[in-house]
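Undergrad: Structure of the sequence below:
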Amino acid sequence: MEVVIIGNGISGITAARWLRKLSDAHITVISSETEEFFSRTALMYIYMGHMRFEDTKPYEPWFWEKNRITIQKDHVDKVDFKNKNLQLASGKTRSYDKLVLALGSRSNKFGWPGQDLKGVGGLYHYQDLENMEAYSSNLKRAVIVGGGLIGIEMAEMFASRNISVSILVRESDYWNNVLPAEESNMISRHIKKHHIDLKLGVNLQEIIDDGSGTASGVIVKETGETIECGYVGLTAGVSPNVDFLKDTQLNIERGIVVDNHLQTNVPDVYAIGDCAQLSDPQPGRRNIEAIWYTGRMMGEALAQTICGKPRKYNPGHWFNSAKFLDIEYQTYGWVFSERSKKDNEHHFHWR
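TA: Numbering: from 1, shown residues only. Model prediction:
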């Protein structure tokens, strides 16, 4: 059996490892991002000097050969589902019996003028880290558009090099669509305490071109204020990285639609991780969850199914963790941004 996995993030690599544990399948992992799997959540620590890139690789280079997992650095341009064939940017082709789409996410862009200028980028791929590094020399100020976890990570990265940072957040408090009011207010205060210019209740209007195709500042929509800067970080969420598949027979809405066995509408094609959209998620769960933990669980569950032991994806209780500068945040079970008891709850305790 020839299994090809597109994407070498946590979901794709977990699937590959469990496929090897459970079968003698020929496994190929294709990615155009990096040669080998690395811990994406550690990107910020590379920039901050706490880790080298090689320190973020959970497995030594010999691991892949020993476990008979072929790693191929290439880009998939086209998928021929009818003939089970992949067209690669290198000019090569690759056939498959089972195809796993672990395509990950891309940073959101909402049509802002100047969003494609040089000196503008997100924080998701290794190439985003390289882009930040390329513009950090002699950088005086950066502006970050959007809150959430990626926004505060990028702010901390710049601040670690004594680069001034402004963050534009449309909400009235940081992450208040997720955190209860008291907690989001505490986070907002904490960010300002770390000398980060947090601007709440505002939106980006435009990124200014310096005349050579490079960002030189932003205009704040509500106030008309111009903030001069040498880098603009776009961290207003992420979306499934599926655009190159939208003209195929694959059922795609926001993400690639899958059933509870992670099977798409195309036979022998599966989707896991950030790019997967569950057609029937568990009550209270979102149909797309771009979370490290869920990607790992999807990879393990899918390997069982491909190896003839069908297993439904069951994420169990929601849990997550994050870090806001020196505050560590963990949640187990649902934590709502509002205090009010939900209709299906018998009891709500607030402390």
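Undergrad: pretty sure residue 307 contacts residue 23?
TA: Yes. Here residue 307 reaches residue 23: they are 4.8 Å apart, a contact under CB atoms under 8 Å. (Glycine included, C-beta is placed from N, CA and C.)
Undergrad: which ones are touching the residue nearest the centre of the chain?
TA: Central residue check for the chain by CA atoms, centre = their mean: the C-alpha nearest the mean position is that of residue 105, 4.9 Å away. Contact partners of residue 105, counting by CB atoms under 8 Å, 6 or more residues apart in numbering, are 124, 238, 239, 240, 241, 274, 275, 290.
Undergrad: now it, nearest residue through space, not along the chain?
TA: Taking CB to CB, 6 or more residues apart in numbering, and ignoring the residues beside it in sequence, residue 105 has residue 238 as its nearest neighbour in space, at 3.7 Å.
Undergrad: Please apply the same query to residue 43.
TA: Of all residues beyond its chain neighbours, the one nearest residue 43 is residue 129 (5.0 Å), with distances taken as CB to CB, 6+ apart.
Undergrad: In a strand, the one you found, correct?
TA: No. Residue state for residue 129 (DSSP: H, G, I helix; E, B strand; the rest coil) corresponds to helix; a strand is not indicated.
Undergrad: I'd say it and residue 40 touch.
TA: No. Using CB under 8 Å, residue 129 is not in contact with residue 40, being 9.9 Å away.
Undergrad: quick one: residue 281 is in a strand?
TA: No. In this structure, residue 281 is coil, not part of a strand, as judged by three-state DSSP.
Undergrad: How about the contacts made by it?
TA: Going by CB under 8 Å, 6+ apart, residue 281 touches residue 287.
Undergrad: again, but for residue 242
TA: Taking CB under 8 Å, 6+ apart, we find residue 242 in contact with 103, 252, 255, 256, 275.
Undergrad: Among those, which one lies nearest to residue 331?
TA: Closest approach to residue 331 among the contacts of residue 242 (CB to CB): residue 255, at 23.3 Å.
Undergrad: Could you report the separation of the closest one from residue 286?
TA: 11 Å (CB to CB, to the nearest Å).
Undergrad: higher neighbour count, the two?
TA: Looking at residue 255 and residue 286 with other CB atoms under 10 Å, you find the greater number of neighbours at residue 255, namely 23 against 13.
Undergrad: So what sits opposite the residue nearest to the centre of the chain in the bridge?
TA: Using DSSP bridges, the beta-bridge partners of residue 105 come out as residue 240.
Undergrad: let's number from 21 now, not from 1
TA: Okay, residue one is now 21; in that scheme the one you just asked about reads as residue 125.
Undergrad: for the nearest residue to residue 175 once chain neighbours are set aside, helix, strand, or coil?
TA: For residue 175, the nearest residue in space outside its immediate sequence neighbours is residue 185; the separation is 4.8 Å by CB to CB, 6+ apart. The three-state assignment at residue 185 reads strand, by three-state DSSP.
Undergrad: wait, doesn't residue 185 sit right on residue 216?
TA: Yes. Distance between residue 185 and residue 216: 5.0 Å, which falls inside the contact criterion (CB under 8 Å).
Undergrad: between those two, what contacts are shared?
TA: Residues touching both residue 185 and residue 216 (CB under 8 Å, 6+ apart) are 175, 179.
Undergrad: who has more neighbours, these two?
TA: Neighbours around residue 185 and residue 216, counted as other CB under 10 Å, are more numerous at residue 185. The numbers are 24 against 19.
Undergrad: What residues are bridge-paired with the more buried one?
TA: Taking DSSP bridges, one obtains residue 162 as the residues bridged to residue 185.
Undergrad: Tell me which stretches of the stretch 171-320 of the chain form strands.
TA: With DSSP state E, counting those that start in this stretch as the definition, the stretch 171-320 of the chain shows strands at residue ranges 184-189, 217-220, 224-229, 235-240, 246-248, 251-254, 258-260, 276-278, 289-291, 296-298.
Undergrad: so where's the stretch 271-371 of the chain shaky on pLDDT?
TA: In the predicted model, the stretch 271-371 of the chain carries pLDDT under 70 at residues 359-362, 367-371.
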